[in-house]
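> need coordinates for the following:
(chains A, B, C and D)
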There are 2 protein chains.
Amino acid sequence: MSSEVGPGSQPPTIYDVARAAGVSIASVSRVLNAQGNPRADTKDRVLQAVAELGFVPDGAARALSARLKEVVGVVVRRPQWHETSMFTDEDENLQFPDMINRGMEIVAQRHGFDLLVRTVDLEEPDAGSRIFALARKSDGIILHDRVLDPDQLDRLARQLPVVTLAGQATRSTANVHGDNEGGMRAVARHLIADHGYRTLAYLAGHEGSPDSLARGSALADEASAAGVTLLEGEEWRGRYQAAGGAAAIERLIAAGVTLPRAIVCANDQSAIGVLHALAHHGIAVPDDVAVTGFDDIPVARHLRPQLTSVRQSIQDLGATAFETLYSMIGGARSAVRGQDIALPTQLVRRQSCGCDPQSAAPRKAEEAG
Amino acid sequence: MSSEVGPGSQPPTIYDVARAAGVSIASVSRVLNAQGNPRADTKDRVLQAVAELGFVPDGAARALSARLKEVVGVVVRRPQWHETSMFTDEDENLQFPDMINRGMEIVAQRHGFDLLVRTVDLEEPDAGSRIFALARKSDGIILHDRVLDPDQLDRLARQLPVVTLAGQATRSTANVHGDNEGGMRAVARHLIADHGYRTLAYLAGHEGSPDSLARGSALADEASAAGVTLLEGEEWRGRYQAAGGAAAIERLIAAGVTLPRAIVCANDQSAIGVLHALAHHGIAVPDDVAVTGFDDIPVARHLRPQLTSVRQSIQDLGATAFETLYSMIGGARSAVRGQDIALPTQLVRRQSCGCDPQSAAPRKAEEAG
DNA sequence: GCACGTCCGGTAAGCGCTTACTTGGGCTGC
DNA sequence: GCAGCCCAAGTAAGCGCTTACCGGACGTGC
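This next block holds a predicted model:
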C-alpha cells in the first residue's frame, strides 16, 4: 500500500532539506534563522525545498542546540474540592486564572513562545517536584497565586527566571499584581461616602493570600478613617470561592449574627456565593445588604443584581507577567529581578452596591425604601 | 559575591550526577529510567546524588534522544471580536474549551504529559503554519472545534497523531464529541411532550459546525415527527456566542417577527445572549418564551431564570480526547485511528424551559398564566 | 582448573539542530 | 600578476540525554 496513512512518514529533517536544495545543513539553518548573508540563489533553493517538503524544525533539537525552548511554564493552583454543594463541580476560580493565561498567551505568541500549563493540587505531596519537572521543559516559569513555599521558590529561581502573580517579589523573582490598595480604597469610599453605609464586613480570600491581605487592610484603613464599623475575621472568610462565600453567610445567619449594611468580598467568585446565600434567605441586595466583588470577571454583569466590582485588566496581568519573564529570559535579568509591578484597577459601579441600575448613580442609603 | 542570586548556576546535568555518584552517565540514566538491573549500591549512590543536586533531566535533551517530548499540543479557536456590545470584552466561549482542557490536563498528568496550549484566530493568514510549528514541539495534537481545513488536517495527521473535538473522524484522525443527537432529542421531547409547546426555533452555532448541524437536525427530526413548527435559518444564528444570540433576537424583534413559544439554542453562551435580549424587551422567560441551552456550563445555574440545558461531562470530553491521543502516540494507532467517539449527554431541567423552580417539574403551557 | 554463560556497567554513537571554525573562490591593490 | 582579503558555504563539534554494544568479573558445570 503506497497510500500510507497516519504517522508513518516521519517529518522531514534539515538533512532532507539540505539534500533537496543541494546545499549543506549549515546553509539551511542559516537561511532559516537569517544568519550571515546567504547568496540570493542559495536562499531561494533552500526556501523552495523547505516549502516543498513542508519542513518545520524539530522543537526539541532546536531547544537543545540553541539553549532556548521557546516555552514558558505556567503553574495554576487547582482548587480543592469542597463539601458537596451546588457549586461542587463548577471548577471555581477557573475563569480568573484562565483569563490571565489568555493574556500571557497573546503576548507570548508575538515572541514565538508557547505556554505549558500545569495545574497543581496543593494538597498533593509532590507538588514541588512536579513544578521542577515542568521547569526543565521551559525557559522560565510563571507561578499563579502562591503555589510554592519560599524555599522551593528560591531554589527554582536559582535555576531559571521566575515571575509570580499576586505573590510578593523576592531577591530573585519578580511579581505582578493588581493595585489592590487603590481599588479597595475606591470601593470603601464609594460605599461610605457616596452611599453612606456605616457598617461593613470584609469577606476575605485564602488565608495568607497577599492579595486578600492587601485588600483587607486598605478597607480597614478607610473604614477606621471614616469611623465606620468593619466586621472581619475567621468567620468572614470565603476563600475566593462561591461555595466558600455562600457557606460563610449561611453560618453567620445560622449563628444569628446581624448582617452589616454592606459586604465587601475579596473577589467576585465569593461574591457570587454571597448573593446566592442572601437570595436564599430572602435578603434583598442591595436594599437590605449591599455586596461588592473584586476582579470584575465577565459573569459579574450577568448576575441579578449586576455586581459592583473592581476591574483589573485581567489579561494585562498575564501579559505583563509574560513580558517581565521574557525580559528576564532575554538576559536583562537583574533589571527586573526583585521588581514588584502593580497594575491599575478601576471601580465599576453597578447595582449590587446600591447604585441606580440605569445611570449607575449612587443612591444614599436613607433615600432607599 | 558568593551568594549568587538568580539563574547563574546552571541546572545540574547527568554528568554532574555521574561524577558525584562515581558512576557513568549510562548508569545514572538506567537508574532513573528503571532499565536493566542496577546493583543496589549503585542505585543508592545515584539516587543520593540526584537528591543532593536536585537533578531533573532536561526536557529537550530527553525528547531528542527518546523521541518523546511528553507534550501534546492543544489548539483552541480564538473567537473574533465582534461589534461593540456589552459582551465585547468578555472572551466568549472561553469557559467551554478551558474546561475541556482541564479534563485533558488531569489525565495527561497521570501519564507525565503536559499541554502546550495555543489559540488561533481563524482570520489570521498563517494559522496553519502556526499549528504546524506547535506540532513540532509536541508528540500529538488535539484540535478544538474545526481549526484546520481538511487538506491541512490530513497533512498534519501524516506527521503525528491528531485528535479532533467536535469535528469528524477521518481516515487518519480520531474525533471525540458529545452525543448531540441524544441530548437534543431529549430537549425536543421535553419541550414538546412535557410542556406542550407547538412552535420552536433553533438558534444555530457556527456555520458548518458539525455539533450545530447534528443538534439542529435532531431537533428538526423530533419537531417534524410531532408535527410541530420549527423556525430556523440564517436569521436564527447565534454563532455560539452571547453577543451573537442577543443580536439575532434583536434583529428578529426589530423585523417584527413573532417569536416562537420556545427558543432552543445551540449552546449555553448564545442562550445567555438570548435571555438578555428578551429581558431587554420585557419578554418573560419562560412564561412568554422558553429558552434552552446546550453544554450546561457552570453559569447556566446562576442565571435568572436558571437555564435548562444539556449536560455533557465537559471534562470527560477532554479526558477522552487525551486518552485517545495517548493510545495513538503509544503506537496502537490503527486501533483508534478513524474512530468517532460519542460521549453521553443528559438533559438538565431548570427554570428557563418552564419547569417549576423547586421541583423542576414540567408545567404544561396551558397551565401557565 | 578451564570453558562457557550471566550480568553490570562503561564506552560511544546517535537524536536534529546551531554555530565556531575552516576552506576556497573571486576581488582588490600594488 | 601575485599576495592579501573578504565573504559565502562547508565541516564538524557539541547541546544533554538514551541505548546498543562490548568488555570484564564472577559463577557454574564438567
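
> so what does A:Thr229 have for phi and psi?
phi -80, psi 130 (degrees, to the nearest 10).

> now it, nearest residue through space, not along the chain?
A:Thr199 (4.5 Å; Cβ to Cβ, 6 or more residues apart in numbering or on different chains). C-beta here means a position set from N, CA and C on the backbone, and glycine is covered the same way.

> list phi and psi for the one you found.
Dihedral angles (degrees, to the nearest 10) for A:Thr199: phi -130, psi 130.

> the residue in the stretch 101-250 of chain A that chain B sits nearest to: which element?
Relative to chain B, the nearest point of the stretch 101-250 of chain A is A:Lys137 (3.6 Å; Cβ to the nearest Cβ). Assigned by DSSP states H and E, A:Lys137 belongs to no helix or strand.

> you'd agree it is up against A:Leu116?
Yes. Counting by Cβ atoms under 8 Å, A:Lys137 touches A:Leu116, with 5.8 Å between them.

> more neighbours: which of those two?
Using other Cβ atoms under 10 Å in any protein chain shown, the more surrounded residue of A:Lys137 and A:Leu116 is A:Lys137, with 26 against 23.

> could you find the closest non-adjacent residue to that one?
Nearest non-adjacent residue to A:Lys137, counting by Cβ to Cβ, 6+ apart: B:Gly59, 3.6 Å away.

> show me the contacts for that neighbour.
Contacts of B:Gly59 were listed using Cβ atoms under 8 Å, 6 or more residues apart in numbering or on different chains, and they are A:Ala60, A:Ala63, A:Lys69, A:Arg136, A:Lys137, A:Ser138, B:Lys69, B:Glu70.

> and the first one, what does it touch?
Under the criterion of Cβ under 8 Å, 6+ apart, the neighbours of A:Ala60 are B:Gly59, B:Ala60, B:Ala61, B:Ala63, B:Leu64, B:Lys69, B:Lys137.

> likewise the last one?
For B:Glu70, the contact set (Cβ under 8 Å, 6+ apart) comprises A:Lys137, B:Gly59, B:Arg62, B:Ala63, B:His111, B:Gly112, B:Phe113, B:Asp114, B:Asp139.

> which non-adjacent residue is nearest A:Tyr15?
A:Ile25 (6.0 Å).

> distance to DNA strand D and pLDDT added to the contacts of B:Gly59, as TSV?
Shown next, in TSV, are the contacts of B:Gly59 (distance: Cβ to the nearest atom of the strand, whole Å; pLDDT from 0 to 100):
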residue	distance to DNA strand D	pLDDT
A:Ala60	8	97
A:Ala63	9	96
A:Lys69	12	96
A:Arg136	8	96
A:Lys137	12	96
A:Ser138	14	97
B:Lys69	12	96
B:Glu70	11	96
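
> nearest to B:His302 among the residues you listed?
For the contacts of B:Gly59, the closest approach to B:His302 (Cβ to Cβ) belongs to A:Ser138, at 36.1 Å.

> correct me if wrong: that closest one contacts A:Val75.
No. Between A:Ser138 and A:Val75 there is no contact under Cβ under 8 Å: 10.2 Å.

> what is in contact with A:Lys137 and A:Leu116 at once?
Once Cβ under 8 Å, 6+ apart is applied, the residues that A:Lys137 and A:Leu116 both contact turn out to be A:Val71, A:Gly73, B:Val71, B:Asp114.

> next, count neighbours for the last one.
For B:Asp114, the tally of surrounding residues (other Cβ under 10 Å) stands at 25.

> again with the second one
As a burial measure, A:Gly73 scores 25 neighbours (other Cβ under 10 Å).

> just the first one next, same as before
Neighbouring residues of A:Val71 were enumerated by other Cβ under 10 Å; the total is 23.

> hmm, it is touching A:Asp139, no?
Yes. The pair A:Val71 / A:Asp139 is scored as a contact, 6.2 Å apart, by Cβ under 8 Å.

> who touches both of these two?
When contacts are counted by Cβ under 8 Å, 6+ apart, A:Val71 and A:Asp139 have A:Phe113 as shared neighbours.

> Three-state assignment for A:Asp145, please.
Secondary structure, DSSP: H, G, I helix; E, B strand; the rest coil: A:Asp145 is coil.

> what residues are up against the residue nearest to it when sequence neighbours are not counted?
Leaving aside its chain neighbours, A:Asp145 sits nearest to A:Ala166 (5.0 Å; criterion: Cβ to Cβ, 6+ apart). Shown in contact with A:Ala166 (Cβ under 8 Å, 6+ apart): A:His144, A:Asp145, A:Arg146, A:Asn175, A:Val176, A:His177, A:Gly178, A:Ser209, A:Pro210, A:Asp211.

> and what of A:Arg198?
A:Ile192, A:Val228, A:Thr229, A:Arg261.

> got a pLDDT number for it?
A:Arg198 is assigned a pLDDT of 96 by the prediction.

> how much space between it and B:Pro305?
According to Cβ to Cβ, to the nearest Å, A:Arg198 stands 35 Å off from B:Pro305.

> repeat that for A:Ala188.
34 Å.

> looking at these two, which has the bigger crowd around it?
Taking other Cβ under 10 Å, A:Ala188 and B:Pro305 do not tie; A:Ala188 has more neighbours (28 against 19).

> helices of the stretch 251-369 of chain A, start to end?
For the stretch 251-369 of chain A, helices defined by DSSP state H, counting those that start in this stretch occupy the ranges A:268-280, A:314-330, A:333-336.

> where among these is the average confidence lowest?
Looking at the helices of the stretch 251-369 of chain A, the bottom one is helix A:333-336 with a mean of 58.

> A:Leu47: neighbour count?
By other Cβ under 10 Å, the residues close to A:Leu47 number 16.

> give me the element it is part of.
A:Leu47 is part of helix A:40-53, with elements assigned from DSSP H and E.

> can I get the helix or strand following that helix in CSV? Just the C-alpha atoms.
Downstream of helix A:40-53, the first helix or strand assigned by DSSP H and E is helix A:59-66. Extracted C-alpha coordinates of helix A:59-66, given in CSV (Å, rounded to 0.1, in the frame of the first residue of the first chain):
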residue,chain,number,x,y,z
GLY,A,59,11.5,21.8,18.7
ALA,A,60,13.5,19.6,20.9
ALA,A,61,16.6,19.6,18.7
ARG,A,62,16.3,23.3,18.3
ALA,A,63,15.9,23.8,22.1
LEU,A,64,18.9,21.6,22.9
SER,A,65,21.1,23.3,20.5
ALA,A,66,20.0,26.9,20.8
